[in-house]
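**Q** All I have is the shape, not the residue letters:
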């Protein structure tokens, strides 16, 4: 006996090829001419789109970006740098000056007023308040408190007497109201009003049930009549119209829309490949017609001519210019040295020879008195 349950195989998901195989002949007959027509219509659009994309990228890289950078630089030069200079060299010093002026004109006088005027006045007022408070405290403790205790004792006695009198009056009034009003009212409610009310309520309940049965019967009859009328006149024709007209037309339109979408997508991809091939062909043609001849001319004609011009004209001219510049610098240096010597001679003739500073004795040994390899003494132990 096998106690293990067999494992069920996983459900197989239907693939796109299976869906294609299950399609009808109408779908296949619509697909091929539709894709041919869509491809013929989409290829020019895709090529125009690719040309516009290439032109837009070229325009962005060659015109818009440099123009935007120029505008950015111009805006920075016209707005940002003047605002930075205004903030750094005008507003900041003016703000610091206003802060210093406010400190000098407002803060320092306010501090002086608080320290030398308001603080002493406040301390005097606080001392006067403490003195007045002490006086009121003595009056409260010595005069008002005994008088208050006496008045409280007197009010307590009067209140006790009034409470006893009020309790007697309340008891008498309560007994009278209970036996003159409460007991007759209870008897009237128990033996007259309650039976009459129950009878009236039972009659009203019966009448309500009868009216409810009548309204329910009439409503049920009207509801069933309206239901079957609407079902026969509206629902059944609408269901038949939906089942036999709208649903087939909707399925057909859905198939057509799906095929049109697939055809557009595939035609767009194929047109992209065609446009790419045409673009590469035009690029290769342009390169062989314009770029390669220009490159050949540059490589075989302009480059040797440029090298010859460089070796025969530019380098000798550069060496001559460097020689002229070197000679000019030497002449200018000699002229500066001559002018310096002339100024020194004129100064010496007018003011005399400048005074030489006096020699100062130092502890360091001179160069002639330094220790040599053949001597046994130093400059410090020679004396």
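**A** Okay, I see it. Because the structure is a prediction, the values reported are computed rather than measured.

**Q** And the helices in the stretch 151-300 of the chain?
**A** 183-188, 194-230, 236-241, 247-286, 292-297 (DSSP state H, counting those that start in this stretch).

**Q** same for the second one, what does it pack against?
**A** Put plainly, it is helix 194-230. If you count contacts as 3 or more CB pairs under 8 Å, 6 or more residues apart in numbering; DSSP states H and E, helix 194-230 packs onto no helix or strand. All C-beta spots, glycine's among them, are computed from the backbone N, C-alpha and C.

**Q** How far off centre is the helix or strand hosting residue 147?
**A** Secondary-structure element containing residue 147, defined by DSSP states H and E: helix 145-177. Computed by CA atoms, centre = their mean, to the nearest Å, the chain-centroid distance of helix 145-177 equals 76 Å.

**Q** Surely residue 274 touches residue 50?
**A** No: using CB atoms under 8 Å, residue 274 makes no contact with residue 50, being 9.7 Å away.

**Q** okay, now residue 144: neighbour count?
**A** Close neighbours of residue 144, defined as other CB atoms under 10 Å, add up to 11.

**Q** Please report how far it lies from residue 76.
**A** Relative to residue 76, residue 144 is positioned 82 Å away (CB to CB, to the nearest Å).

**Q** Give the helix, strand or coil label for residue 353.
**A** Classification of residue 353 using DSSP: H, G, I helix; E, B strand; the rest coil returns coil.

**Q** and if you look at residue 356?
**A** Looking at residue 356 with three-state DSSP, the answer is coil.

**Q** so where is the protein shaky, pLDDT-wise?
**A** 1-30, 352, 354-355, 357-383 (pLDDT under 70).

**Q** and the host helix or strand of residue 48, how far from the chain's centre?
**A** Following DSSP H and E, one finds residue 48 within helix 25-59. What separates the centre of helix 25-59 from the centre of its chain is 41 Å, taken as CA atoms, centre = their mean.

**Q** Tell me the buried residues in that helix?
**A** Residues of helix 25-59 classed as buried by neighbour count (16 or more other CB atoms under 10 Å): 30-31, 34-35, 38-39, 42-43, 46-47, 50.

**Q** Pick out whichever of the residues you listed sits closest to residue 189.
**A** Nearest to residue 189 out of those is residue 30 (CB to CB; 90.9 Å).

**Q** Residue 328 and residue 322, how far apart?
**A** Counting by CB to CB, the gap from residue 328 to residue 322 is 11 Å.

**Q** Apologies, that question was intended for residue 65.
**A** From residue 65 to residue 322 the distance is 41 Å (CB to CB).

**Q** Repeat that for residue 276.
**A** Counting by CB to CB, the gap from residue 276 to residue 322 is 56 Å.

**Q** With residue 186 instead?
**A** From residue 186 to residue 322 the distance is 138 Å (CB to CB).

**Q** distance of residue 64 from residue 58?
**A** When residue 64 is compared with residue 58 (using CB to CB), they lie 10 Å apart.

**Q** can you check residue 102 too?
**A** Counting by CB to CB - residue 102 and residue 58 are separated by 60 Å.

**Q** What of residue 160?
**A** From residue 160 across to residue 58, the span is 112 Å (CB to CB).

**Q** Also residue 173?
**A** Separation of residue 173 from residue 58 (CB to CB) stands at 111 Å.

**Q** Equivalent analysis for residue 152, please.
**A** On the measure of CB to CB, residue 152 and residue 58 end up 106 Å apart.

**Q** what's the answer for residue 144, then?
**A** 103 Å.

**Q** Residue 47 too?
**A** Counting by CB to CB - residue 47 and residue 58 are separated by 17 Å.
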